[in-house]
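**Student:** For reference, the sequence and a predicted model appear below.
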Amino acid sequence: MALSRSFKMSKRSLSPSSAHPSQKRLKSSFMPNKVATAEAATKVDQDPPLFKLLYAVQNAVKPKQGKSVVYWMRMADLRISDNRALSQASTEAKKEGVPLIALFIISPQDFLAHDRGARRIDFTLRNLTMIKESLSKLRIPLHIITHDVRKTLPSGVISFLKDLSCKSLHANIEYEVDELRRDIKVCELAKSSGISATFVHDKCIVEPGLVKTKENKAYAVYSPYQRNWLATLNDDVAHFLDESPKPNPNSEDVCKSKEFSHLFETPVPKSIPGFELDDEDRKTMETVWPTGEDVAFEILDQFLQTKARTSQMGAVDPLANGAQNSDKASRITKYKVDRDDASRNTTSRLSPYLAAGVISSRACVRATMKLQNNSDKVDGGKDTGIGRWVQELAWRDFYINILVSFPRVSMGRPYLEKYANVVWELHREDGNKGAKEGAYDSDPVGDGKDNEALKKWKEGRTGVPVVDAAMRCVNQMGWVHNRFRMIAAMFLTKDLMMDWRVGEKYFMQNLIDGDLASNNGGWQWSASTGVDPAPYFRIFNPYSQSKKVDPAGDFIRQFVPELAKLRGDDLHDPSESTADKLGYPRPVVRHHEVRDRALRRFKNPGEK
Ligand SMILES: Cc1cc2nc3c(=O)[nH]c(=O)nc-3n(C[C@H](O)[C@H](O)[C@H](O)COP(=O)(O)OP(=O)(O)OC[C@H]3O[C@@H](n4cnc5c(N)ncnc54)[C@H](O)[C@@H]3O)c2cc1C
């Protein structure tokens, strides 16, 4: 790749994720279908799998005895405190006088099926290492299994449970369709093996499926959902927010017993073949996203107590310079007015910790109540910084609720099926449109066959400064502020007219907070295909957005150093001669020219 001399950036910032050789091998033997047919999706929407799972749990067997209780930790509940399934498993183990065993399963095919990126996997492994150590102190083994064939995972789990003469299995629910189906199968197999299986809600503040319209339907619009969500929460704060106790220690016998002692010995791998980080990126991730529950609480505390700082823009340690003195103008207090300013750390930057469950969303809400003189009600109103922040946590619940109520969105379908036929310049192959075998492998994302415009978008070389700054921030930090995600996503789907699923995949592969529900929600919002979306005719003008979200241009100058000397309009929209002089690309498309193409194609889906 040709670099101008002034383009002094880390290798990583210019070399977005592409398939690793061993990932390619994995792909060639496993090619999940990424986009379901409309018919298949409608069928699943009519009978969402969550409710089948809950039914299966209700009808689980109640075995009289067993020699152990197992807690199955998943990628979204990487913590020991306030973890419902872990807490329940521990209570049962204590009551029965048997050891509690923790299990984590590494399933590379699932990583591939969900476009999991190396950063998110590395973050998982780093957190697991700490969890293993903490659990060991309680004499609870964290046993790690790698299971290669995704299809046989349920029977693999059951044979592990049988080997331990397990009485019951406990896990927090994962809400993606594939995972729900897998757990339904686990329930069936557990029942026929005389083992009880319990899956509980943990990820949300208000569990999905509970907040409904007067007609007993799922909300597809955020504002009324949020109002009802808040009222439901405040009706029974203790029920929704009470902290689950930490697990009890196992007896000393466990460490010596023939049956269980070997379970302590499985190490947490340093990396997973096919999902390795290069050394430079690993170092950056370790600095920018340190691990562990204590760190997550410290990051939360700083958000609640201290001022936003410009020194925190970019890929730096979030806890650098230690704790500062409490300040009345703390980030959460100013969140209502400041949150769209990306030149300082005005938002919490807790999303990686929430996505991986290193901190519970309940703990975040409890902290806001404490901040308001131990209020017994949750402030989720639009008039305060705290209320506004709690509303963001409600967005997270909202999108999980959408995933559960309209599973089609996790099957690669648009929520608004009428936009399924919008003509894209580049679309994610689905294997259903007569695409040749191996369509997934020839998917243009990430395998070196990108079309030029997509490549420029990924690398942050579109010639539109605000978009490039956003994408380079993603490539450098594995994270970018919400507004910049919206701008980059809108540019890809409307200006470049590329399938939102292409961008969704790239974000999943590169974000450290990659989460199907929020990522899909954000992409479908930007592409106008989702629930409560940006209407298709309200296309962001990236240049006016740029002036709004980065008025002083600090964010652009940080991530697009070629433009560091520019100010004002020149920075937001450099002329061709200025761009040429600075070695910055000219715009890949002209916004005013391509806008009409998007309007036309959305107005008449199917027409070019
Ligand atoms: C195209 C696109 C893709 C996105 N992909 C992801 C993703 O993969 N994972 C992810 O966690 N978020 C995603 N988001 C949502 C949002 O951008 C991030 O959660 C937010 O930027 C995280 O920064 P923060 O922790 O400082 O947020 P804060 O402003 O401090 O908000 C607190 C928490 O609320 C939740 N939250 C905030 N905004 C949203 C939102 N719009 N939707 C859902 N939850 C929200 C997050 O858990 C966040 O940590 C995406 C948004 C867009 C537009």
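**Tutor:** Okay, I see it.
**Student:** where's D148 relative to the ligand, distance?
**Tutor:** 26 Å (C-beta to the nearest ligand atom, to the nearest Å). Backbone N, C-alpha and C define where each C-beta goes, glycine included.
**Student:** I meant to write E280 there.
**Tutor:** Counting by C-beta to the nearest ligand atom, the gap from E280 to the ligand is 23 Å.
**Student:** per-residue pLDDT, that residue?
**Tutor:** pLDDT for E280: 96.
**Student:** how close does it sit to P269?
**Tutor:** 20 Å (C-beta to C-beta, to the nearest Å).
**Student:** Ok, S193 next?
**Tutor:** Per C-beta to C-beta, S193 is found 29 Å from P269.
**Student:** Same question for E176.
**Tutor:** From E176 to P269 the distance is 23 Å (C-beta to C-beta).
**Student:** So for those two, which residue has more residues nearby?
**Tutor:** Under the neighbour definition other C-beta atoms under 10 Å, E176 and P269 were set side by side, and E176 has more, 23 against 14.
**Student:** Assign a three-state SS to the residue nearest to that one when sequence neighbours are not counted, would you?
**Tutor:** Nearest residue to E176, sequence neighbours excluded (C-beta to C-beta, 6 or more residues apart in numbering): S410, at 5.1 Å. Going by DSSP: H, G, I helix; E, B strand; the rest coil, the secondary structure assigned to S410 is helix.
**Student:** For S410, grab the count of nearby residues.
**Tutor:** S410, neighbours per other C-beta under 10 Å, totals 23.
**Student:** That one and E179 touch, don't they?
**Tutor:** No. With contact defined as C-beta atoms under 8 Å, S410 does not reach E179; the gap is 9.3 Å.
**Student:** quick one, strands of this structure?
**Tutor:** Taking DSSP state E to define them, one finds strands in the chain at 68-73, 100-106, 142-146, 166-172, 196-200.
**Student:** Quick one: list the elements packing against the last one.
**Tutor:** This points to strand 196-200. Judged by 3 or more C-beta pairs under 8 Å, 6 or more residues apart in numbering; DSSP states H and E, strand 196-200 is in contact with helix 49-58, helix 84-96, strand 166-172, helix 177-192.
**Student:** got JSON lines for those, with mean neighbour count, mean pLDDT and distance to Q23 too?
**Tutor:** Below are these laid out as JSON lines (neighbours: other C-beta atoms under 10 Å; pLDDT from 0 to 100; distance: least, C-beta to C-beta, whole Å):
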{"stretch": "helix 49-58", "mean neighbour count": "17", "mean pLDDT": "97", "distance to Q23": "28"}
{"stretch": "helix 84-96", "mean neighbour count": "21", "mean pLDDT": "98", "distance to Q23": "30"}
{"stretch": "strand 166-172", "mean neighbour count": "24", "mean pLDDT": "98", "distance to Q23": "27"}
{"stretch": "helix 177-192", "mean neighbour count": "20", "mean pLDDT": "97", "distance to Q23": "19"}
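**Student:** can you redo the ones you listed as JSON lines with distance to the ligand?
**Tutor:** Below are those laid out as JSON lines (distance: least, C-beta to the nearest ligand atom, whole Å):
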{"stretch": "helix 49-58", "distance to the ligand": "19"}
{"stretch": "helix 84-96", "distance to the ligand": "18"}
{"stretch": "strand 166-172", "distance to the ligand": "17"}
{"stretch": "helix 177-192", "distance to the ligand": "16"}
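**Student:** Between the ones you listed, which one is closest to P465.
**Tutor:** Nearest to P465, of all the helices and strands packed on strand 196-200, is helix 177-192, at 38.7 Å by C-beta to C-beta.
**Student:** what's that closest one packed up against?
**Tutor:** Counting by 3+ C-beta pairs under 8 Å, 6+ apart, helix 177-192 packs on helix 49-58, helix 153-163, strand 166-172, strand 196-200.
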